[in-house]
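K.L.:
Could you look at this predicted model? Sequence included:
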Amino acid sequence: MSRKITPNDQVVLTEQEKSLCRDPSGKLIVTSMRGKNMALLLQGNRLTYATVLEESRVGSIYLARVKNIVKEISACFVEIEDGEICFLPLQDAATPFLINRCYDGKLKEGDLLPVQLTREPQKTKQATVTAHISMSTPYFCLALGSKRVGYSSKFTKEEKTELRRILESSGVSSEGELLQASFQPDALMQPQVGLIVRTRAKDYCGDGLRLMAELQRLTEQWNQCLCRALHSACGSLILRADQSVRELLGTELGANDFCEIVTDDIAFYEKLRAEFSELPVRLYEDTFITLEKLLALQVKLDEALNKRIWLKSGGYLVLEYTEAMTVIDVNSGKYEAKKGNAEQTAVLVNRQAAEEVALLLRLLNLSGIIIVDFINMEQEENNRALLRYLRELVQRDPIPVKVVDMTKLGLVEMTRKKIRKPLREQLMRKE
């Protein structure tokens with residue numbers, strides 16, 4: 001007896017789902033994957049950037065104690081919350097706000113001072129802090145270590161004149177005398193406070209009262225922070241950084257990388273609409289097929305994290321991670337059997353590999369020393385052309401990348417500035 005096989009129901013995509021799948025323009029997807037909130041950039045259906053939107057302590061302010069000073073490296077080590085030891089360069093502590101005594105031009109072991117975390121710990125390196133703490137709004141920035149008033153370089157001459165007039169009419173001169181008088185948590189330990197007028201302050205050029213109200217709110221928050229430092233125990237968290245999604249993404253995305261943001265999280269949707277008012281933000285609400293499955297985000301992420309990356313020609317890259325550097329090996333793979341001219345094979349595969357390397361630097365957030373072993377080419381002109389092409393490609397990266405040179409062994413040396421952890425480390429589960 002034969003058995004009738006009932007075909008599975010076909011999945012019919014809605015118009016919204018079809019537009020998401022077919023749209024070739026850049027889209028920033030904010031969703032939850034692998035138990036983490038993530039931002040993923042799709043350009044032409046290709047994953048070109050991914051990061052975990054984890055809360056960062058960068059910008060948080062702590063009351064620290066100086067543990068020891070190492071003059072040989074012009075730095076000291078300070079203790080913050082839970083006994084964590086942080087690195088403080090002495091140049092970032094030129095004018096600290098000491099809690100335990102009046103500053104006499106030198107830091108001493110045991111000194112208490114507020115510090116602001118500027119970089120999270122990475123591998124074997126401690127977190128980095130600065131004593132030049134700052135606090136900002138979209139309109140102003142207050143900072144320790146200066147007592148001058150500065151203005152954004154983007155102001156026109158007329159805008160700068162008008163803003164200066166508004167501040168001076170309220171008693172804030174170019175030397176910031178009113179600011180100094182405003183910050184007196186202790187008369188013996190009055191800190192030097194500088195003011196920076198940010199670009200968006202020009203929105204209030206015609207409304208001096210609203211502008212000064214913004215400054216007043218910031219100064220009150222600043223005073224509360226310093227007063228809290230005066231009455232807190234060593235290592236206490238004085239102010240937790242309140243980071244926006246834009247700040248969590250940092251400088252890793254360019255202004256023209258995407259023209260739309262899509263999320264399936266209502267809480268993120270409201271936050272994104274407020275922070276990215278200049279871009280359309282779409283809320284994906286379909287419960288039948290998730291955003292992750294619709295755009296095959298997990299598949300794309302797994303392919304990116306694979307140690308072997310295939311090229312269109314049939315060649316492939318092999319990525320190896322070490323403590324000191326990242327090594328990328330280029331292989332001709334399946335392509336070599338199709339072509340008889342070894343030099344032409346090397347030129348074509350190397351060119352595709354250069355394009356993939358430039359993309360992977362950003363996608364995987366590789367940093368530090370990167371060594372690329374391209375396929376050997378006999379003609380020197382082909383080597384020079386490859387280096388020129390690679391340099392052109394990495395210029396599109398928002399993070400500084402330097403293509404140093406090609407060694408006599410045919411290894412291309414590169415460096416990329418470290419901003420945050422590599423993607424594979426971000427995705428590791430905390431034990």
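P.N.:
Arrived safely.
K.L.:
Who are the contact partners of residue 365?
P.N.:
51, 252, 419, 420, 421, 422, 423, 426 (Cβ atoms under 8 Å, 6 or more residues apart in numbering). (Glycine included, C-beta is placed from N, CA and C.)
K.L.:
how would you label it: helix, strand or coil?
P.N.:
When classified by DSSP: H, G, I helix; E, B strand; the rest coil, residue 365 comes out as coil.
K.L.:
With residue 252 instead?
P.N.:
With three-state DSSP as the basis, residue 252 sits in coil.
K.L.:
With residue 420 instead?
P.N.:
Secondary structure, three-state DSSP: residue 420 is coil.
K.L.:
Equivalent analysis for residue 371, please.
P.N.:
Per three-state DSSP, residue 371 ends up strand.
K.L.:
That one: what's its closest spatial neighbour, skipping adjacent residues?
P.N.:
Of all residues not flanking residue 371 in the chain, residue 327 sits nearest, at 5.0 Å (Cβ to Cβ, 6 or more residues apart in numbering).
K.L.:
now the helices for the protein?
P.N.:
Applying DSSP state H to the chain gives helices spanning 15-22, 157-169, 177-182, 208-230, 245-249, 266-275, 291-294, 297-305, 342-363, 380-394, 423-426.
K.L.:
Output the ones you listed as JSON lines; include the columns mean neighbour count and mean pLDDT.
P.N.:
As requested, those are exported to JSON lines (neighbours: other Cβ atoms under 10 Å; pLDDT from 0 to 100):
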{"stretch": "helix 15-22", "mean neighbour count": "13", "mean pLDDT": "58"}
{"stretch": "helix 157-169", "mean neighbour count": "15", "mean pLDDT": "84"}
{"stretch": "helix 177-182", "mean neighbour count": "16", "mean pLDDT": "50"}
{"stretch": "helix 208-230", "mean neighbour count": "16", "mean pLDDT": "84"}
{"stretch": "helix 245-249", "mean neighbour count": "16", "mean pLDDT": "70"}
{"stretch": "helix 266-275", "mean neighbour count": "15", "mean pLDDT": "85"}
{"stretch": "helix 291-294", "mean neighbour count": "18", "mean pLDDT": "90"}
{"stretch": "helix 297-305", "mean neighbour count": "16", "mean pLDDT": "92"}
{"stretch": "helix 342-363", "mean neighbour count": "20", "mean pLDDT": "92"}
{"stretch": "helix 380-394", "mean neighbour count": "15", "mean pLDDT": "94"}
{"stretch": "helix 423-426", "mean neighbour count": "16", "mean pLDDT": "88"}
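K.L.:
Out of these, which gets nearest to residue 147?
P.N.:
Across the helices of the chain, residue 147 has its closest neighbour in helix 177-182 (6.0 Å, Cβ to Cβ).
K.L.:
just to revisit the earlier point, closest to residue 108 out of the helices of the chain?
P.N.:
Comparison of the helices of the chain against residue 108 by Cβ to Cβ identifies helix 208-230 as nearest, at 18.0 Å.
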